[in-house]
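Engineer: Quick one: sequence plus predicted model below, questions after.
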Amino acid sequence: NQTQFQIDGVNSNAAMDQGAMAIPNVDAIAELSVSTNSFSAEYGRDPVQVILVTKSGGNEFHGSAWEFFQNDALNARNTFAKTVPRLRFNQFGGSVGGPIKRNKTFFFVNLQHTINPNATLFNQQNTLATPAMLNGDLSSISTPIIDPTTNQPFVGNIIPQNRISSASKFLSSYLLTSPTGRLVQNVPVQHNVWDGTMRLDHAITSKQSIYGRWTVQNYLDTSVGYEPAAIQDTTLRQHNLGVNYNYALTPTILLTVSGGYIHSDFLSTSPGFTGKENLTDKAGIQGFPTTVRENVIGLPNVNISGYNGFGVPGFGTPERLWSYVKTIKSNLTVVRGGHTFGFGYEFDDDSVYGNHGSGNSRGTFGFNGQYTGNGFADYLLGLTSSSNRNYPLAPFGLDHSPYSGLYAQDSWKVTPNLNHHRPRSRPMQ
């Protein structure tokens, strides 16, 4: 990412991917500017600068409230659905600001909540196995099912029971089946978000002021996996704190010192599908012990060409990713005649950590039909086209990723209509 995000003068880029993190909602923003060139050396870290300033309270009380909504009663039906998927979208919030002590201390509070308990369309057309197919009866398939031991078709496209793999027999109870090979169903899902911003401003003296701002965001999402009951829950909570101190040393000299702290915590789980039974081992597939893997045991991933397979929703489930960003920044502005000099220093330190089950900790097995001419027949015989296994990683990450920069700039107002910016410097490490 080549964009620098700053809120109230403090870095707000995520440690993991350098994207924006914990940005206040629009009702909490007083100013927004985007610069792509000729910006001050203070903002010289990336070629694109997105700068936000949050609202503050004043000597008068002010507030607002709002709500946006959507409802399935207003929507059309999907072509493949029998009914209109349930849709409830409510986004509401409010803000209030005012004095704690007139001319001295002020507050501003903003809250927003999004509730989106909807339904998603689970649509499988001719990709589900039938109950008869689980017992080896593939007579509904028009193409011959080849016996790889004789290179001749199975009689009537029926695989004898004694040829079906014991692992396949055990795991077949987790396959989603349908007498017609099809299933269309509306599945409830959740999208729940709330965020808030609080800011306190205080005038210490006529020359000194300080303010602090805290933004918090909390997300909860659910998504559907290989069957309607295979649900993945993801949660994300982010905190963004900033403190800014201003001191007008003289009418032409201003000192600004800022500090920031960002914390993000992402968690992905699939309740009931991990951490209970080592189903890979119970199926008789060796090399998947439970010891030191207790929280990641569960259902293996099985991919069957042309058919709906099964597996734990998401990558590396259960998964946790968390990070921290610490920022200190100071700036001295000096005005001398037509010159405005700026001197400053910025220090950021990022920390990133992860802990997840990796991609194939329960095993990933593929069946592409290369032995029998049909992916599901290969699955019943236990003849894989690919098999993958790895062990879940121990918690990993980066404790420190420091960045620092010194900068200086002279902006010279040559005439009322002409400004000149002298070369600036911003060493980084």
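Structural biologist: That came through, no problem. Numbers count the residues shown, from 1 in each chain.

Engineer: shaky segments in the chain?
Structural biologist: 1, 44, 416-429 (pLDDT under 70).

Engineer: Would you map the helices across it?
Structural biologist: Ranges of helices within the chain are 131-134, 166-171, 279-282, 375-381, based on DSSP state H.

Engineer: Out of the ones you listed, which is closest to residue 53?
Structural biologist: helix 279-282 (53.5 Å; CB to CB). All C-beta atoms are positioned from the backbone trio N, CA, C, and that covers glycine.

Engineer: Can you point out the buried residues in that closest one?
Structural biologist: When neighbours are counted by 16 or more other CB atoms under 10 Å, the buried residues of helix 279-282 are found to be 279, 280, 281.

Engineer: ok, now stretch 283-302?
Structural biologist: Neighbour-count burial for stretch 283-302, counted by 16+ other CB under 10 Å, picks out 283, 285, 288, 293, 296, 297, 298, 299, 300, 301, 302.

Engineer: What of stretch 217-233?
Structural biologist: So, applying 16+ other CB under 10 Å, buried residues of stretch 217-233: 217-219, 221-227, 230-233.

Engineer: What is the most widely separated pair among those?
Structural biologist: Longest span within these, CB to CB: 217 and 227, 31.1 Å.

Engineer: what's around residue 185, how many residues?
Structural biologist: 15 (other CB atoms under 10 Å).

Engineer: tell me the contacts of it?
Structural biologist: Contacts for residue 185 (CB atoms under 8 Å, 6 or more residues apart in numbering) come out as 121, 122, 228.

Engineer: Please report how far it lies from residue 70.
Structural biologist: Remark: distance between residue 185 and residue 70 (CB to CB, to the nearest Å) = 22 Å.

Engineer: cool, residue 359 as well?
Structural biologist: Distance from residue 359 to residue 70, counting by CB to CB: 36 Å.

Engineer: circling back: redo the buried residues of stretch 217-233 as CSV? Include distance to residue 163.
Structural biologist: As requested, the buried residues of stretch 217-233 are exported to CSV (distance: CB to CB, whole Å):
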residue, distance to residue 163
217, 55
218, 53
219, 49
221, 43
222, 40
223, 37
224, 34
225, 30
226, 26
227, 27
230, 29
231, 35
232, 35
233, 40
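
Engineer: Between the buried residues of helix 279-282, which sits nearest residue 16?
Structural biologist: Using CB to CB, the buried residues of helix 279-282 come closest to residue 16 at residue 280, 30.4 Å.

Engineer: isn't that closest one right up against residue 300?
Structural biologist: Yes. Residue 280 is within contact range of residue 300, at 4.7 Å (criterion: CB atoms under 8 Å).

Engineer: any shared contact partners between those two?
Structural biologist: Common neighbours of residue 280 and residue 300 (CB under 8 Å, 6+ apart) are 288, 362, 363.

Engineer: OK, contacts around the first one?
Structural biologist: Looking back up the chat, that one is residue 288. Residue 288 makes contact with 278, 280, 281, 297, 300, 362, 363, 389, according to CB under 8 Å, 6+ apart.
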